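A.B. asks: Requesting a structural model of the entry that follows:
(chains A and B)
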Amino acid sequence: MSDTPKSKDPMAVSRRAMMAGSAAFGAALFAPSNLLAQDYPTSEVNMTGLAVTDDTVTVGILHSVTGTMAISETGSVQAEKLAIAQINEMGGVLGRQIEVIQEDGASDWPTFAEKARKLLVSDKVPAVMGCWTSASRKAVLPVFEQNNGFLYYPTFYEGLEQSPNVIYTGQEATQQIIAGLDWVKETKGANSFYLLGSDYIWPRTSNKIARTHIEQFLGGEVVGEDYYPLGHTQFNSVINKIRLRKPDVIYAIVVGGSNVAFYKQLKAAGIDMSAEDPILLTISVTEDEILGIGGENMEGAYACMKYFQSLDNPNNAAFVTAFKEMWGEDIVIGDVTQAAYLGPWLWKAAVERAGSFDVDKVREAQVGIELDTAPEGYVKVHENHHLWSKTRVGLAKADGQYEVVFETADLVEPNPFPEGYQ
Amino acid sequence: MFSDYSMSELGAIFAMQGFAGLILFSVFVLMALGLAIIFGQMGVINMAHGEFMILGAYVTYFTSIFFADYMPAVFGTYFFVAMILAFLASGTLGLLVEWSIIRHLYKRPLDTLLATWGLSLILQQLYRTAFGAREVGVTIPSWMMGSMPVTDMIEVPINGIFVMVLAVGISMAVYIMMFRSNWGKQVRAINQNRVMAGAVGINTEWTDRLTFGIGCGVAGVAGSAFTMIGSTGPTAGQLYIVDTFLVVVFGGAGSILGTIASAFSISQAQSIMEFFLSGSMAKVLTLLVVVGILMVRPQGLFSLKLRK
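C.D. replies: Take a look at the predicted model:
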């Protein structure tokens, strides 16, 4: 898949660190868990004046914990804090405990930019885990590029971006869309599609990719494409349109409060998703969103993601246990939350490979870093700063969880600038 | 677009589409009635209207949990209890807000806009702190979900019918209170001439407080009903506020009948255009038409004939 060399860690002596909740987690994979700070003098690992002392390093977390986006970003903050706590229990990064400065983007894009500047210029953090919407990422991008900061961005997004100062731990659009469409065509024989979305860049770009793939590669037909303003709460008209066009698949990329309205009204209109007539395939509903929609309203729908809480592997079992231990038994974990969890681990691996916190060295070391303890399974950083990862399809159950019904055999290569699709 | 379909299929689709328009109409009426009382009769621009609705939605959520835990046998009926509780909760909060903030601002109507906007931000953050940032899923009794087959092809959502019945019921209740009760007479008198109303012995302070409380209470009931069709979260109220003001302003402030007429015309226009155009385009056209009409008739569709 790639010829990037396997990461070579200094002092690959492994000693299982005792960790509450997630005992086996990480120790085997992040071999140098017992690096000692004195072997890495601060003057050598920090030549650019970053917030690194002899026994601590300070990173930033920049998400909205107030405002409309708090509903989505809360999970990411929790995942990042869990990862950092686990890394600290294992001995930190280069023998230094991670300290966190958390700033609130307040769902307001200029605030994101201002807080990013504060984190980079006055706090001098070597890495920031943060942002959720594309709008907030676009707002902080010039700040990170000007000040040579390093951002770990967790959300699946529309692609069309690749910055030397950002690592994208979520899927870009082709990774999320193409395998799912292939699956629905092959296993369900779907031929006609109705594309539906909230009216902003991510659904529109994604549907453009979906339409191209359906029409040019699958030989299928798009019988309708519709967008509704963000926050729209009345979907009865579009449901009637869907009835009229009789597509095999409703391909829905509705977000936020609209999501809840759409699925409740779909169910109330007598469209039974379990009967798969039509099939509902979405890329915007994770377990987090189902909390608001209600499992009984979502039952029978399919979602295409890279991670589901129900994934059956030892990494994920340990992750889910640790997450619930830290944040409560009732909590659910969605795709983005898992992607956010990878950020601190990827950064730690890159720092230890580089033997330095300096951003230029970490950037160089980051490409080719592999994680085989990721809850989603093995992932690897591509030279375009996105992750190789699998695409999966889940079937929504009444209890609000997905049952994984399909996963790609191989990792899917990230392709943020898909030729022929844009 | 229609060439491939038989007449009966088209007939069924248009019937369902007509019904979708009626549901939207009922939703608009429910959203706007509370505001029409407050904005229309008192001239208070209540930007926190959406948050009063969401309080009703949260009350519904907690009532559903209470019933599921303690009275699962009668779970199917919790919605009626929830609506009454929602009215009381939002109404009480309304009384408090009127007493603490609004009554000091009657002489400065534009300032009520800022004050209530601030209040809306405070309430959103309070909900977030108290109930969590995530949306909550309200379990709807199963008899209210699903649809009723009218013919082979026409299916009518049951919660749509419920919302329609509720909208008619509340409109009638508001109408009776406004035009057949002493309180309504007093409210209208104050609206026409506050000083004179006070001079003939109407307790204007108490009437104002009650009016504001009732308006907020109606918003709470609307919020409770909307748990069936929309989301319940700290900021969900923001989804409704623009449409609500649109309906009330277009209908003509001060006229309950105007509000209903405006809800009807906006909902029908929007639902028909949504069917033939994309959703965003339908919204743009609806807003353009409303702006155009308001330019010609700034007082809205209906207006009170007052001696100025």
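A.B. asks: and B:Met153, what does it touch?
C.D. replies: B:Ser8, B:Glu9, B:Ala12 (C-beta atoms under 8 Å, 6 or more residues apart in numbering or on different chains). Using the backbone N, CA and C atoms, a C-beta is placed for each residue, glycine as well.
A.B. asks: Over to A:Ala340?
C.D. replies: With C-beta under 8 Å, 6+ apart, A:Ala340 has these contacts: A:Gly75, A:Ser76, A:Val77, A:Ala79, A:Glu80, A:Met129, A:Tyr152, A:Pro154, A:Thr169.
A.B. asks: With respect to B:Ile229, which of those is nearest?
C.D. replies: A:Gly75 (25.5 Å; C-beta to C-beta).
A.B. asks: Could you look up the SS state of the closest residue to the closest one other than its chain neighbours?
C.D. replies: Distance criterion C-beta to C-beta, 6 or more residues apart in numbering or on different chains; nearest residue to A:Gly75, sequence neighbours excluded, is A:Thr337 at 3.9 Å. Put simply, A:Thr337 is helix when judged by DSSP: H, G, I helix; E, B strand; the rest coil.
A.B. asks: from chain A, which residue is nearest to chain B?
C.D. replies: A:Gly292 (2.9 Å; C-beta to the nearest C-beta).
A.B. asks: can I assume that residue is in contact with B:Gly230?
C.D. replies: No - with contact taken as C-beta atoms under 8 Å, A:Gly292 and B:Gly230 are classed as non-touching, separated by 9.9 Å.
A.B. asks: Now for the two: what residues contact both?
C.D. replies: Contacts common to A:Gly292 and B:Gly230, judged by C-beta under 8 Å, 6+ apart, are A:Val260.
A.B. asks: ok, back up a step: I'd like to know how many residues surround the residue nearest to A:Gly75.
C.D. replies: 29 (other C-beta atoms under 10 Å in any protein chain shown).
A.B. asks: Which stretches in the stretch 201-350 of chain A count as helices?
C.D. replies: A:201-212, A:236-245, A:257-268, A:287-293, A:295-298, A:314-327, A:335-354 (DSSP state H, counting those that start in this stretch).
A.B. asks: Columns mean pLDDT on top of those, output as a markdown table?
C.D. replies: Shown next, in a markdown table, are the helices of the stretch 201-350 of chain A (pLDDT from 0 to 100):
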| stretch | mean pLDDT |
| --- | --- |
| helix A:201-212 | 93 |
| helix A:236-245 | 88 |
| helix A:257-268 | 87 |
| helix A:287-293 | 89 |
| helix A:295-298 | 90 |
| helix A:314-327 | 96 |
| helix A:335-354 | 96 |
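A.B. asks: Out of the ones you listed, flag the one nearest A:His386.
C.D. replies: helix A:335-354 (10.9 Å).
A.B. asks: Might you calculate how far the closest one sits from the centre of the chain?
C.D. replies: Averaging C-alpha positions (C-alpha atoms, centre = their mean, to the nearest Å) puts helix A:335-354 11 Å from its chain's average.
A.B. asks: returning to what we had before: quick one: which of the contacts of B:Met153 has the most company?
C.D. replies: That'd be B:Ala12 among these, by other C-beta under 10 Å, with 21 neighbours.
A.B. asks: Between helix A:236-245 and the helix or strand encompassing that one, find me the angle.
C.D. replies: Using DSSP states H and E, the element containing B:Ala12 is helix B:7-35. Counting by axes from the mean of the first three to the mean of the last three C-alpha atoms, to 10 degrees, helix B:7-35 lies at 170 degrees to helix A:236-245.
A.B. asks: helices and strands around helix B:7-35, which ones?
C.D. replies: The helices and strands touching helix B:7-35, judged by 3 or more C-beta pairs under 8 Å, 6 or more residues apart in numbering or on different chains; DSSP states H and E, are helix A:236-245, helix B:49-70, strand B:155-157, helix B:158-180, helix B:204-226, helix B:238-251, helix B:256-276.
A.B. asks: Could you identify which of these has the lowest mean pLDDT?
C.D. replies: Mean pLDDT values for those show the minimum at strand B:155-157, a mean of 83.
A.B. asks: And chain B, is the one helix or strand A:Ile101 maps to touching that?
C.D. replies: Taking DSSP H and E as the criterion, A:Ile101 maps to strand A:97-104. No - for a cut-off given as C-beta under 8 Å from any C-beta of the partner chain, strand A:97-104 has no contacts with chain B; the smallest distance is 11.6 Å.
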